[in-house]
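Trainee: Generate a structure from the sequence data that follows.
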Amino acid sequence: MGRAEKEQLNRTLSQHLNTIHEILEVLDQNPPSTVEKVIWEDVVQMGNQVSKQATIVGMIWSGERVDARVIEENMTAYFNMLQSFLLLSHGSMVGAGPTLSSCVHASVKQVVDSSFKLMKESVSLYGSVNKDWKSSIPQLAGAVWEACSALKKTPAANVTAIGRAVTQVAVTMKDVLREMKELKPATDPTEDEAEAEIEPHDDETSSDSDLGNDLSPEEMKVAELAIDAVSETLVVIKELIRTITGLLKRENPNDSSLVDSLEKLLKMCQGIGEQIDELGACLYPPQEVSTIKTTVEKMSSLADDMKAELQSLGGNLKAFIQACDCLKSSLRRLDSAVDCPTTVDLENRVHKIDLNN
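Mentor: Take a look at the predicted model:
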């Protein structure tokens with residue numbers, strides 16, 4: 001009898017899982033703009049109901065033995081609630097751009113994944129005498145609560161989602177800037193020998209710690225100018241975030257042109273972020289001059305593109321344009337410094353001439 005009930009529970013679970021997977025396939029496509037938009041608060045409220053259902057699962061397994069009928073009824077109620085949650089989530093994505101859609105999908109996926117684990121464990125535990133459900137079920141139910149609670153932090157508007165994404169780019173830039181500031185000029189060899197005699201240390205550890213500590217005066221100058229350029233870039237990003245925040249009042253689900261422009265600005269920000277990553281890697285000796293110049297060129301071009309895109313949106317852009325101008329100036333100084341031949345460059349050229357002769 002127990003085996004037949006377990007098989008029936010597994011069949012019911014499989015049916016519910018297949019239904020949810022079918023709904024998730026629909027969720028991959030944004031609803032048409034003609035559909036009435038669901039406000040995110042309604043999604044959050046439905047998430048609270050899913051959370052309550054998870055609590056009920058925990059209560060069911062708080063005793064010594066659970067009847068198969070109770071598990072099946074609870075499973076049906078849970079998945080019905082989960083379906084409603086998914087349909088509301090889909091309705092909330094009317095007018096959503098790629099960034100907002102990605103945020104919603106990620107939040108919804110957490111709720112679905114944690115729910116699947118809870119329901120699978122509930123069915124798996126039926127008839128088992130070896131598993132300790134008093135520890136596994138509360139833990140899995142807790143994961144559902146956390147996923148549902150996180151819905152409150154999910155952005156409800158395109159501007160908010162894109163603003164957060166731009167902020168994350170800035171955070172990454174700050175990390176690169178911090179690493180750049182750790183670069184140091186090479187010390188006098190005689191000082192190094194004296195220090196080594198006083199504090200002997202392992203060669204391998206020394207080589208790791210010396211990475212970025214042996215820049216020539218010319219390379220150090222380039223690094224300092226690169227630091228200035230990244231600092232100016234952060235000012236540009238700060239002004240961009242301020243401008244995007246000001247656009248919150250203008251956003252509406254049908255303004256696809258605004259969303260498209262903001263998505264383009266985010267791509268440009270991410271592009272500048274990638275170039276700064278590249279720039280940071282090029283500053284370690286021997287510095288890659290050609291790559292630095294290419295990076296500077298791309299950053300300057302992206303800054304121009306950002307300015308043009310924002311100007312198409314209108315508004316007060318004085319602070320942003322001023323920040324862009326400062327960035328462009330710092331990039332020109334960096335480009336000029338890289339163009340100057342260093343002592344090492346001259347030595348390499350002389351060496352090549354000797355070889356040719």
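
Trainee: now what about stretch 305-319, what contacts it?
Mentor: With CB atoms under 8 Å, 6 or more residues apart in numbering as the test, stretch 305-319 has contacts from 236, 239-240, 242-243, 246-247, 258, 261, 264-265, 268-269, 320-321, 324. Glycine gets a C-beta too; all of them are placed from N, C-alpha and C.

Trainee: cool, and stretch 174-184?
Mentor: 212-215, 220, 223, 226-227, 230-231, 234, 276-277, 279-280, 283-284.

Trainee: Pull out the buried positions in it.
Mentor: Neighbour-count burial for stretch 174-184 flags 176-177, 180, 183 (criterion: 16 or more other CB atoms under 10 Å).

Trainee: ok, back up a step: give me the subset of the contacts of stretch 174-184 lying in helices.
Mentor: If you go by DSSP state H, the contacts of stretch 174-184 have 220, 223, 226-227, 230-231, 234, 276-277, 279-280 in helices.

Trainee: out of those residues, which is most surrounded?
Mentor: Within these, A226 tops the neighbour count with 28 neighbours, counted by other CB atoms under 10 Å.

Trainee: How much space separates L24 from L331?
Mentor: Here the criterion is CB to CB, to the nearest Å. By it, L24 lies 45 Å from L331.

Trainee: between those two, which one's more packed in?
Mentor: When L24 and L331 are compared for neighbours, L331 comes out ahead with 22 against 15, by other CB under 10 Å.

Trainee: so how far is Q311 from the more buried one?
Mentor: Per CB to CB, L331 is found 20 Å from Q311.

Trainee: Run through the stretch 251-357 of the chain and note the low-pLDDT ranges.
Mentor: Applying pLDDT under 70 to the stretch 251-357 of the chain flags residues 251-254, 341-357.

Trainee: Just give me how far whichever helix or strand A165 is part of sits from the chain centre.
Mentor: A165 is part of helix 158-181, with elements assigned from DSSP states H and E. In terms of CA atoms, centre = their mean, to the nearest Å, the centre of helix 158-181 is found 9 Å from the chain centre.

Trainee: And for stretch 333-343?
Mentor: Averaging C-alpha positions (CA atoms, centre = their mean) puts stretch 333-343 35 Å from its chain's average.

Trainee: contacting residues around that stretch?
Mentor: 216, 218-219, 221-222, 225-226, 228-229, 289, 292-293, 296-297.

Trainee: What are the buried residues along that stretch?
Mentor: For stretch 333-343, burial by neighbour count (16+ other CB under 10 Å) applies to 334-335, 337-338, 342.

Trainee: now these in JSON lines, with distance to S128?
Mentor: Putting the buried residues of stretch 333-343 into JSON lines (distance: CB to CB, whole Å) gives the following:
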{"residue": "L334", "distance to S128": "66"}
{"residue": "D335", "distance to S128": "69"}
{"residue": "A337", "distance to S128": "70"}
{"residue": "V338", "distance to S128": "68"}
{"residue": "T342", "distance to S128": "72"}
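
Trainee: Dump those to CSV, plus secondary structure and distance to G91.
Mentor: Formatted as CSV, these follow (DSSP: H, G, I helix; E, B strand; the rest coil; distance: CB to CB, whole Å):
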residue, secondary structure, distance to G91
L334, helix, 49
D335, helix, 51
A337, helix, 55
V338, helix, 53
T342, coil, 62
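
Trainee: Which of the residues you listed sits closest to I39?
Mentor: L334 (47.5 Å; CB to CB).

Trainee: so what's that closest one closest to, chain neighbours aside?
Mentor: In space, L334 comes closest to L225 once its chain neighbours are excluded; the distance is 4.2 Å by CB to CB, 6 or more residues apart in numbering.

Trainee: same check, this time on M299
Mentor: Q275 (4.9 Å).

Trainee: you'd agree F320 is up against I237?
Mentor: No: F320 is beyond contact range of I237, at 10.1 Å (criterion: CB atoms under 8 Å).
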